[in-house]
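1. Provided below for reference: sequence and predicted model.
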Amino acid sequence: MVFNSITFLVFSLVFFPLYFALKGRPRLWWILGMSYLFYGWWDWRFLSLIALSTVMDFYFGAVIGRTDDARQRRQFLAFSMVMNLGFLGVFKYLNFFIDSFAALLHGFGLSVSMSSLEIILPVGISFYTFQSMSYTIDVYRREIPVERNLLKFAAFIALFPQLVAGPIIRARDLLYQMEEDKRFDWTRLYSGLGRILWGFFKKVAVADSLAPFVDQVFNAPETFGSAHLLIGVVFYSFQIYCDFSGYSDIAIGLARIMGYHFPENFNTPYFSRSFSEFWSRWHISLSSWLRDYLYIPLGGNRHGKWNTYRNNMLTMLLGGLWHGANLAFVFWGFLHGLYLIVQRAVSPLWRGVVHTFRLPRWFDAMVSMVVVYAFTLLAWVYFRSGSIGLAGGDSFGTANQVLRGIFSGEGLSWGAVINKFQALKGLLLIAILLTVEASNFRWRWNAAQVGQPVFRLAAFAVLLWMIAFFGTFGGSAFIYFQF
């Protein structure tokens, strides 16, 4: 079930009245049942997978929490990790490893027939697996208490707003909020609805309007000139941002109406002045998860420059692999790891230039933002091509063709752009988005939290009008459903 569908509207009209009418265990059963309905609407067969993962991690957490035997605690943590990563390995990466092994044998001159398996990727498996893993790891570290209520734990894992595309909500952030029944609150309703509308604007009006132009570019890059290809790549950077952050906005808004606080998942990432800042603003729930459960345990930046470089690269490589079983995603992660490493060497030099020539602060900020965005754009070409690889296409070939076309300089003029109306509409929507985000970046206002009712209603009306006027209403799935 997707948020941008009539089915979900009906689902919400049924869910929320009974959610607030019920109390205690009946409310938890209602959350669990409706969340499983939400997830099972896509494919009911995978409900058994999320249920098994839930029960096993609940059991492992209980055993880890009640014993002081260090060996036994490590053993059951390992069981949890093997189970969760095993599910990911089978459903997400098995064919990737089969094909890679066959290609390796072929490189040594061995002709071996190894057929890929027909495995369907369960929607959201990467998200709820990391969510469940964080619980057992935090219990092992004694950072959170053991959850004794299986029903509450199952409702936490399956809570429908964030179930299939995040944010990745950790037990430390949500389980304690589920200990008491949340009452209906008009302020939370207004605030949540505003956040939901903003999310729908990003998804339906911006992301889905940019999608056709982007698809044309990456499906047949050889047919377009430099300007058209460059606009397509820029459009993709905003398509994926608005698609994914739009989902997070809707999820945060739904949770807010329910009375739950979800942490932010995006914070104007394209205004970042460094790559480390970018990763503190982009997909925050994943980047912070990788930081806390991978980068810091590897040693973080505590053991010298070269170990820090290694830890940065390993973290970003695994972050790329998390997105999908394709080498283009891994290369995307490699590029961002390289950016973080080079940033550590170049940043002091740039600071010296700024200080020596007494460059204005605004100039320093503008140059930094442009550089970070430009290199992020380069990496997005490989990320988008990775989706082609998931469908059986040549991801690296497509990415390289797009980049060759851009840097060739052929057709580098507005006159060479095909579908000028689509391009102008996309540029207008991006300008609207950046105007709102720039003002929020500068003054920290939020249309969902405007105090006066007249301003709140005006903001809602403007958002609804923009969604209706610019929106593409095909009910297209969110991009991160495939991850």
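-> Arrived safely.
2. Name the helix or strand of the chain that has the lowest mean pLDDT.
-> helix 94-107 (a mean of 59; mean pLDDT, DSSP states H and E).
3. Send me the helix or strand following it as PDB with only the CA atoms.
-> Downstream of helix 94-107, the first helix or strand assigned by DSSP states H and E is helix 125-140. Output of helix 125-140 as PDB, limited to C-alpha atoms (Å, rounded to 0.1, in the frame of the first residue of the first chain):
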ATOM      1  CA  ILE A 125      13.300  -5.400   4.400                       C
ATOM      2  CA  SER A 126      16.400  -3.200   4.700                       C
ATOM      3  CA  PHE A 127      14.500  -0.700   6.900                       C
ATOM      4  CA  TYR A 128      12.800  -3.000   9.400                       C
ATOM      5  CA  THR A 129      15.900  -5.300   9.600                       C
ATOM      6  CA  PHE A 130      18.100  -2.400  10.700                       C
ATOM      7  CA  GLN A 131      15.400  -1.300  13.100                       C
ATOM      8  CA  SER A 132      15.200  -4.700  14.700                       C
ATOM      9  CA  MET A 133      19.000  -5.200  14.800                       C
ATOM     10  CA  SER A 134      19.400  -1.900  16.600                       C
ATOM     11  CA  TYR A 135      17.200  -3.200  19.400                       C
ATOM     12  CA  THR A 136      19.300  -6.300  20.200                       C
ATOM     13  CA  ILE A 137      22.600  -4.300  19.800                       C
ATOM     14  CA  ASP A 138      21.400  -1.600  22.200                       C
ATOM     15  CA  VAL A 139      20.200  -4.300  24.700                       C
ATOM     16  CA  TYR A 140      23.600  -6.000  24.500                       C
END
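4. Give the rounded mean pLDDT of helix 125-140.
-> The pLDDT scores in helix 125-140 average 92.
5. elements contacting that helix?
-> If you count contacts as 3 or more Cβ pairs under 8 Å, 6 or more residues apart in numbering; DSSP states H and E, helix 125-140 packs onto helix 47-66, helix 70-88, helix 150-158, helix 171-174, helix 284-290. For the C-beta atoms, the positions are set from N, CA and C on the backbone; glycine is no exception.
6. give the contact list for Ala158.
-> Ile31, Leu32, Ser35, Tyr36, Tyr39, Ile50, Thr54, Tyr128 (Cβ atoms under 8 Å, 6 or more residues apart in numbering).
7. Give me the three-state assignment for His303.
-> coil (DSSP: H, G, I helix; E, B strand; the rest coil).
8. I'd like the distance between it and Tyr140.
-> 23 Å (Cβ to Cβ, to the nearest Å).
9. Over to Ile64?
-> 5 Å.
10. Give me the common contacts of those two.
-> By Cβ under 8 Å, 6+ apart, the residues touching both Ile64 and Tyr140 are Arg73, Leu77.
11. which one of these two has more residues nearby?
-> Ile64 (23 against 19; other Cβ atoms under 10 Å).
12. how does the protein divide into domains?
-> 6-181, 188-482 (automatic domain parsing).
13. distance between the ends of the first one?
-> It refers to domain 6-181. Distance between the two ends of domain 6-181: 28 Å, counting by Cα to Cα, to the nearest Å.
14. Pull the distance from it to the chain's centre.
-> Centre-to-centre, domain 6-181 and its host chain are 16 Å apart (Cα atoms, centre = their mean, to the nearest Å).
15. picking that back up, Serialize the helices and strands packed on helix 125-140 to JSON lines and add fields for mean pLDDT.
-> Formatted as JSON lines, the helices and strands packed on helix 125-140 follow (pLDDT from 0 to 100):
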{"stretch": "helix 47-66", "mean pLDDT": "93"}
{"stretch": "helix 70-88", "mean pLDDT": "91"}
{"stretch": "helix 150-158", "mean pLDDT": "96"}
{"stretch": "helix 171-174", "mean pLDDT": "93"}
{"stretch": "helix 284-290", "mean pLDDT": "94"}
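16. would you turn these into JSON lines with distance to Val462?
-> Formatted as JSON lines, those follow (distance: least, Cβ to Cβ, whole Å):
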{"stretch": "helix 47-66", "distance to Val462": "39"}
{"stretch": "helix 70-88", "distance to Val462": "42"}
{"stretch": "helix 150-158", "distance to Val462": "35"}
{"stretch": "helix 171-174", "distance to Val462": "32"}
{"stretch": "helix 284-290", "distance to Val462": "27"}
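17. on that earlier part again, would CSV of the contacts of Ala158 with distance to Leu189 be doable?
-> Shown next, in CSV, are the contacts of Ala158 (distance: Cβ to Cβ, whole Å):
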residue, distance to Leu189
Ile31, 18
Leu32, 23
Ser35, 20
Tyr36, 25
Tyr39, 25
Ile50, 29
Thr54, 30
Tyr128, 27
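18. Most neighbours among those residues, please name it.
-> Neighbour max across the contacts of Ala158 (other Cβ under 10 Å) = Tyr128, 26 neighbours.
19. what sits against it?
-> By Cβ under 8 Å, 6+ apart, the neighbours of Tyr128 are Ile50, Ser53, Ile157, Ala158, Leu163.
20. Check whether the first one really touches Tyr39, as I assumed.
-> Yes: proximity of Ile50 to Tyr39 meets the contact threshold set by Cβ atoms under 8 Å, at 6.7 Å.
21. from what I can see Ala154 touches Thr54, true?
-> Yes: assessed by Cβ under 8 Å, Ala154 is found in contact with Thr54 at 4.9 Å.
22. anything in contact with each of those two?
-> Counting by Cβ under 8 Å, 6+ apart, nothing touches both Ala154 and Thr54.
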